[in-house]
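A.B. asks: task: produce atomic coordinates for the following.
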Amino acid sequence: MKHILKCPKCSKYTMGNECTVCKVPAIDLKPPKYSPEDKYGKYRREVKEESRKEKDLI
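C.D. replies: Have a look, this model is predicted:
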C-alpha cells in the first residue's frame, strides 16, 4: 500500500519516493508509532528545548 508523501522543499504532494518538480526525496507525513518505551524521546525533547530557548519561549 502506498502513502501520500510531501516534498520538504516545494510542499507538493506525491505518491512517488521523489518529488516530480524538484527531484528531492519526499517525506512521510505520518508521525512515528507511539511506544511507552520510546528510545529516542529524550533526544527529541532536548531538540525541542533548544529550539524554544533560541526563540526565547523559555
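A.B. asks: give the contact list for residue 15.
C.D. replies: 2, 3, 4, 5 (C-beta atoms under 8 Å, 6 or more residues apart in numbering). Placement of C-beta: from N, CA and C, glycine included.
A.B. asks: distance check, it against residue 40.
C.D. replies: As judged by C-beta to C-beta, to the nearest Å, residue 15 and residue 40 stand 28 Å apart.
A.B. asks: ok, and the most crowded of the contacts of residue 15?
C.D. replies: Sorting those by how many neighbours each has (other C-beta atoms under 10 Å) puts residue 5 first, at 20 neighbours.
A.B. asks: what's the spacing between that one and residue 46?
C.D. replies: Applying C-beta to C-beta, the value for residue 5 to residue 46 is 28 Å.
A.B. asks: one more: residue 12?
C.D. replies: The gap separating residue 12 from residue 46 is 32 Å, by C-beta to C-beta.
A.B. asks: neighbour count winner among these two?
C.D. replies: More neighbours surround residue 12 than the other of residue 12 and residue 46, with 14 against 10 (other C-beta under 10 Å).
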